[in-house]
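Asker: no sequence for this one, just the structure:
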């Protein structure tokens, strides 16, 4: 319990330093652009592949579980659309990014800590927490909503291609289903969750990396902890946000 | 000038430094020597403010450093340069970007002015045609020299070196020692070097402080160290057989 409270306290203290006034805006802007490429653009591939197959599986499973003739077949498209928008493209993609981006952030910052690069920044009079972490937070919070939109589009497309290829639904029914009773707010809900999850992934992982003590073994442990803590926090906030935004 | 008065530091129940006082003069290479684990690095980190002291006071040119707030310390830190044990170059930056970093962060110089300064510093440490290389492409000695170039980019008044010769062959160590000594005189800096390399001590030891188990045991210079009757110091200085033979043969 003491360790949890101590960790929680140090997390908030670190955030206080991260969001202090930046020393030189031009340098922070340049760093943010680098992070957009590193954390955002380089995640498009994995998000696209996973979303395509996720959409395909959701469509097939919905089809095989709604074979009762009283259900119109367009419900398969509707079910796939709502599952993808409400849950899969925000939460599942966030969990995948917690693995990819979270471990990357923790190990990068942890290595900087054990090789004294963070000490070097501090010695120069640079706010190391802000210089290293803020651009990552800003880049993820700005770019992850685009990843979610890409995931939604790719997931629905995957469901359409595989559903029609497997013969579980016609193209017309699927397209009718994904347009039927569409609630635009669901997209907003999904994007709000994505922004919160992006913040959680970057800050929780950065906190783990920033406080590494020791050597490469501890960096590896911090990387694992970053993924676990980010994932658990995402799942917790998924419940809270769903209750807040959809009730 | 840097003045440390009765510096003490503990980690939990473990006392690492006890009542260390010392004066480090400008234009001189001041050495802190001692065995591994004696508290040298902790003392150096206390001096630069990377670790908070539990007791005692630190003065930089008569300004009480330990009494300053974050902003005050930041101003003094911009007059410091430090060569870390592992060089601490930024992995994601090229040699040129590493040396330019403090200039980018704290000056309003134009790009060309910064580039000129970077090239001057790299030239000073004898690094040529390596601006576009990354730290992973450099040898240990080159990394140290680039780290020195970065440390002097802002023309610091205080230079700190933590084990500058660790991991280097004897010949490269001498090159680094000479560089540190020359730069110290050129820029009239107050330089403090943490080392347990006796070659460095005999080359650069204008002022030497010997620390044993967190306490200052001896203070002097490279001429006095050979004649000292401090038993613990002699065990450290004449630790190897060759040194003992030389001492015996010289009487």
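Answerer: Thanks, I have it. Because the structure is a prediction, the values reported are computed rather than measured. Numbers count the residues shown, from 1 in each chain, chains lettered A, B, ... in the order given.
Asker: mind listing the helices in chain A by residue range?
Answerer: Counting by DSSP state H, chain A has these helices, from start to end: A:2-18, A:25-35, A:44-65, A:74-83, A:93-97, A:103-114, A:117-124, A:128-166, A:171-179, A:185-210, A:216-246.
Asker: quick check: angle from the second one to helix A:128-166?
Answerer: Angular relation of helix A:25-35 and helix A:128-166 on a 0 to 180 degree scale: 30 degrees, by axes from the mean of the first three to the mean of the last three Cα atoms, to 10 degrees.
Asker: other SSEs contacting helix A:25-35?
Answerer: For helix A:25-35, the elements it packs on are helix A:128-166, judged by 3 or more Cβ pairs under 8 Å, 6 or more residues apart in numbering or on different chains; DSSP states H and E. C-beta: built from backbone N, CA, C; applies to glycine.
Asker: What number of residues are in the vicinity of the residue lying closest to residue A:92 once chain neighbours are set aside?
Answerer: Leaving aside its chain neighbours, residue A:92 sits nearest to residue A:54 (6.7 Å; criterion: Cβ to Cβ, 6 or more residues apart in numbering or on different chains). When counting by other Cβ atoms under 10 Å in any protein chain shown, one arrives at 23 neighbours for residue A:54.
Asker: still on that earlier bit, could you dump the helices of chain A into CSV with distance to residue B:5 added?
Answerer: Below are those laid out as CSV (distance: least, Cβ to Cβ, whole Å):
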stretch, distance to residue B:5
helix A:2-18, 30
helix A:25-35, 37
helix A:44-65, 57
helix A:74-83, 68
helix A:93-97, 52
helix A:103-114, 31
helix A:117-124, 22
helix A:128-166, 29
helix A:171-179, 75
helix A:185-210, 32
helix A:216-246, 35
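Asker: The ones you listed into TSV, with extra columns for mean pLDDT?
Answerer: Formatted as TSV, these follow (pLDDT from 0 to 100):
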stretch	mean pLDDT
helix A:2-18	89
helix A:25-35	92
helix A:44-65	95
helix A:74-83	94
helix A:93-97	94
helix A:103-114	96
helix A:117-124	92
helix A:128-166	96
helix A:171-179	95
helix A:185-210	96
helix A:216-246	95
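Asker: Among those helices, single out whichever gets nearest to residue B:114.
Answerer: With Cβ to Cβ as the measure, helix A:25-35 is the member of the helices of chain A nearest residue B:114 (12.5 Å).
Asker: Near chain A, which residues of the stretch 101-250 of chain B are found?
Answerer: Contact residues of the stretch 101-250 of chain B with respect to chain A, defined by Cβ under 8 Å from any Cβ of the partner chain, are listed as B:101, B:102, B:104, B:105, B:106.
Asker: all strands for the stretch 101-250 of chain B, in order.
Answerer: The residue ranges that make up the strands of the stretch 101-250 of chain B, judged by DSSP state E, counting those that start in this stretch, are B:158-162, B:190-195, B:207-212, B:215-220.
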